[in-house]
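Undergrad: no FASTA, just this:
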């Protein structure tokens, strides 16, 4: 949304009184983008004066990050930003370099009103962190729009301006290579479901031969009461010395 310079305070006051956070964010981002694009030197000098280290060669995104760190607790930062916004609007509408009008009370009321709006935005960041990202993105978009109007502005706006393009370019390249490889070698890559893999035949292993016990058939003399031959195992028996002849006994 675009706001006429002479209507800024009227529109801003109405938004603050109505609690219209979206309109407040829209106007504060618009005014801050004016400072970053057209009053960059003054803004950086001011930031350093309130303890926020900023350098001329830093990107717009880094400058924004340093400003947002101070929302909502850095009172000097918020009051100073409100004053710079007031001063920039005054110069635009009256066409002269003046910081304080004759009506000092009205001036301070306007500065305090802008400061209260900035503080309210900072408070909303505490409860809804996603709003900080949205605020930053809206501000960067407005800076990009105004930077195009300026033309040859040798200042980097976003830190990762090209990273998203590099990422998606790499993804597209990988997918393209994958499709080419698949089409070229699909016959080798796809295994038919009815094909059976060759499984080597396991050779038969002969079972080991078991040694059979030997038996000796002994004939029992007649008259012992046993009439049949009984197989006996070939086991040495204990020698009874009483049965040996006297010459064998030592």
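TA: Okay, I see it. The shown structure was predicted, so the numbers you read here are calculated from the model rather than taken from an experiment.
Undergrad: against residue 136, how distant is residue 29?
TA: Distance, residue 29 to residue 136, using CB to CB, to the nearest Å: 9 Å. Yep, even glycine has a C-beta here, placed from its N, CA and C like the rest.
Undergrad: neighbour count: those two, which is higher?
TA: Neighbour tally, residue 29 and residue 136, criterion other CB atoms under 10 Å: the higher count belongs to residue 29, 22 against 16.
Undergrad: for the more buried one, which non-adjacent residue is spatially closest?
TA: Excluding the flanking residues, the one nearest residue 29 by CB to CB, 6 or more residues apart in numbering is residue 139, at 4.4 Å.
Undergrad: so who does the one you found touch?
TA: By CB atoms under 8 Å, 6 or more residues apart in numbering, the contact list for residue 139 reads 29, 32, 33, 64.
Undergrad: just those residues now: which is nearest residue 152?
TA: For the contacts of residue 139, the minimum distance to residue 152 (CB to CB) is 18.3 Å, reached by residue 33.
Undergrad: what is the burial count for that closest one?
TA: 22.
Undergrad: before we move on, which element is residue 48 in?
TA: helix 40-49 (DSSP states H and E).
Undergrad: give me the low-pLDDT residue ranges for this structure?
TA: 1-6, 92-102, 161-171, 173, 177-179, 181-250 (pLDDT under 70).
Undergrad: hey, where'd the helices end up in it?
TA: 8-18, 21-38, 40-49, 60-69, 75-94, 104-127, 129-150, 163-189 (DSSP state H).
Undergrad: just put those helices in CSV and tack on distance to residue 157.
TA: Putting the helices of the chain into CSV (distance: least, CB to CB, whole Å) gives the following:
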stretch, distance to residue 157
helix 8-18, 24
helix 21-38, 9
helix 40-49, 12
helix 60-69, 5
helix 75-94, 20
helix 104-127, 21
helix 129-150, 6
helix 163-189, 13
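Undergrad: hmm, back to that, turn the contacts of residue 139 into CSV, including distance to residue 156.
TA: CSV is the format used below for these (distance: CB to CB, whole Å):
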residue, distance to residue 156
29, 19
32, 17
33, 15
64, 12
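Undergrad: what's the local residue count around residue 73?
TA: Counted with other CB under 10 Å, residues neighbouring residue 73 total 12.
Undergrad: how about the contacts made by it?
TA: Contact partners of residue 73, counting by CB under 8 Å, 6+ apart, are residue 122.
Undergrad: so which of the contacts of residue 139 comes closest to residue 114?
TA: Closest to residue 114, out of all of the contacts of residue 139 and judged by CB to CB, is residue 32, at 10.9 Å.
Undergrad: can you pull the contacts of that closest one?
TA: Residues near residue 32 by CB under 8 Å, 6+ apart: 64, 67, 81, 85, 139.
Undergrad: please identify which pair of the residues you listed lies farthest apart.
TA: 64 and 85 (15.1 Å).
Undergrad: among the two, which residue is more densely surrounded?
TA: Between residue 64 and residue 85, counted using other CB under 10 Å, residue 85 has the larger neighbour count: 26 against 21.
Undergrad: is that one in contact with residue 33, as I believe?
TA: No: using CB atoms under 8 Å, residue 85 makes no contact with residue 33, being 11.0 Å away.
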